[in-house]
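Colleague: Model the following, please.
(chains A, B and C)
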Amino acid sequence: MGTTLPMSVTPAGTVLPARRPYHLLRTLSCGQAFRWRADGTGAAGVFAGRSIRLEQRRGAIAVEGLEGDGVSGALARYLGLDQPLRSIERELGHDPVLARILPLTSGIAILRQDPWECLASFIISAFNNIPKIELTIARLSERFGDALPGGGRAFPQPAALADAPARALRACVLGYRAPYIRSVARLVTSGSVDLQAPFALTYDEAKRMLLELPGVGEKVADCLLLFAYGKAEAFPVDVWVKRAVERWYFRGDAKTEREVRTFARRRFGSLAGYAQQHLFSYHRSQRTGSPGPRASVR
DNA sequence: ATTCAGGTGCGAG
DNA sequence: CTCGCACCTGAA
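Modeller: I've put the predicted structure just below:
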């Protein structure tokens, strides 16, 4: 899917075309990535070693901070601007539950994140809560990430974490996940694990490989397959999605994690990942009250 | 104080 | 192979 979308560069910055129903803030704030800071109209974060800010305005994404870097195409791909959301949501809308939810969650694309950052981030997410996940990743970046030209820090390179003293990792509130992070960092740094490999593998093959990594179980593996490797048939089952599926598809009857995953992949097929995002986003917004899927989650 | 939070790795049956 | 449980840590 190496798309080359048309784009334009103006003195004000770069502008990427975004087709309806693409929704930038919903995409960046539904738990796929943990470093974007929404600020009402847009979001600030790091991409390709630059601190940038994004803002959606009628059919386009305005980008500040990326002038002349020649990575606009890569950014468009990262943001999922090339994904046919209209037809995807039309298809998902055949499901009565999703048909009811979609008006509130429409426009969520699947990000194409860097595999390493995604791996480390979702290991950290295990048995954790979002504010603390964000805190941990922010501290790791501040302490171990490369300084960026426009201020801010990159997500830490594997090598930076591979050699990190246990004490320094503890200061980032990693808790019991610290050894997992250091282990995967060493595996990647040493070359014994190739994080590019899953791109060329099938969903099942790639999942089998990822499950070998310390700290990576079914849920984290599916997050990686979906958010980094573009395997849209992945359906990560976390506590929120499990509850949502039990409630809306099984009248509240308890199901095992495996049953939920099997059910979803069967029902939604190659679009299971999108279905998961809508279910997760909607259910979580209900539980946590406002601001809802449309706005930022601080 | 007790419970919960976007699970995973264990050992036991 | 399924099931039950401990687990860093901070906020409610």
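Colleague: Surely A:Trp36 touches A:Leu28?
Modeller: Yes - A:Trp36 is within contact range of A:Leu28, at 4.3 Å (criterion: CB atoms under 8 Å). In short, each C-beta sits where N, CA and C put it, glycine included.
Colleague: and the gap between the residue in the stretch 51-200 of chain A that DNA strand C sits nearest to and A:Thr136?
Modeller: Residue nearest to DNA strand C within the stretch 51-200 of chain A: A:Gly175 (2.0 Å; CB to the nearest atom of the strand). Separation of A:Gly175 from A:Thr136 (CB to CB, to the nearest Å): 8 Å.
Colleague: Who are the packing partners of the helix or strand encompassing A:Gln286?
Modeller: If you go by DSSP states H and E, A:Gln286 is part of helix A:272-287. Packing partners of helix A:272-287 (3 or more CB pairs under 8 Å, 6 or more residues apart in numbering; DSSP states H and E): helix A:85-92, helix A:96-105, helix A:239-249, helix A:257-268.
Colleague: and of those, who's closest to A:Arg112?
Modeller: A:Arg112 sits nearest to helix A:85-92 of all these, at 14.2 Å, using CB to CB.
Colleague: how many degrees apart are that closest one and helix A:96-105 in direction?
Modeller: If you take axes from the mean of the first three to the mean of the last three CA atoms, to 10 degrees, helix A:85-92 sits at 150 degrees to helix A:96-105.
Colleague: any idea how far helix A:85-92 is from the chain center?
Modeller: Here helix A:85-92 shows a centroid-to-chain-centroid distance of 20 Å under the convention CA atoms, centre = their mean, to the nearest Å.
Colleague: what is the rounded mean pLDDT of that helix?
Modeller: Mean pLDDT, helix A:85-92: 98.
Colleague: residues contacting A:Leu140?
Modeller: A:Leu140 makes contact with A:Ala120, A:Phe155, A:Pro156, A:Leu161, A:Cys172, A:Leu174 under the criterion CB atoms under 8 Å, 6 or more residues apart in numbering.
Colleague: so how far is A:Leu174 from the closest residue to the third one other than its chain neighbours?
Modeller: So that's A:Pro156. Nearest residue to A:Pro156, sequence neighbours excluded (CB to CB, 6 or more residues apart in numbering): A:Phe144, at 3.7 Å. According to CB to CB, A:Phe144 and A:Leu174 sit 11 Å apart.
Colleague: you'd agree A:Tyr22 is up against A:Ile110?
Modeller: No - between A:Tyr22 and A:Ile110 there is no contact under CB under 8 Å: 11.7 Å.
Colleague: any shared contact partners between those two?
Modeller: Joint contacts of A:Tyr22 and A:Ile110 (CB under 8 Å, 6+ apart) are A:Gly80.
Colleague: ok, A:Leu66 - how many residues close by?
Modeller: 23 (other CB atoms under 10 Å).
Colleague: and it, what does it touch?
Modeller: Neighbours of A:Leu66 in contact, by CB under 8 Å, 6+ apart: A:Gly13, A:Thr14, A:Phe47, A:Ala48, A:Arg50, A:Ile52, A:Ser72, A:Leu75.
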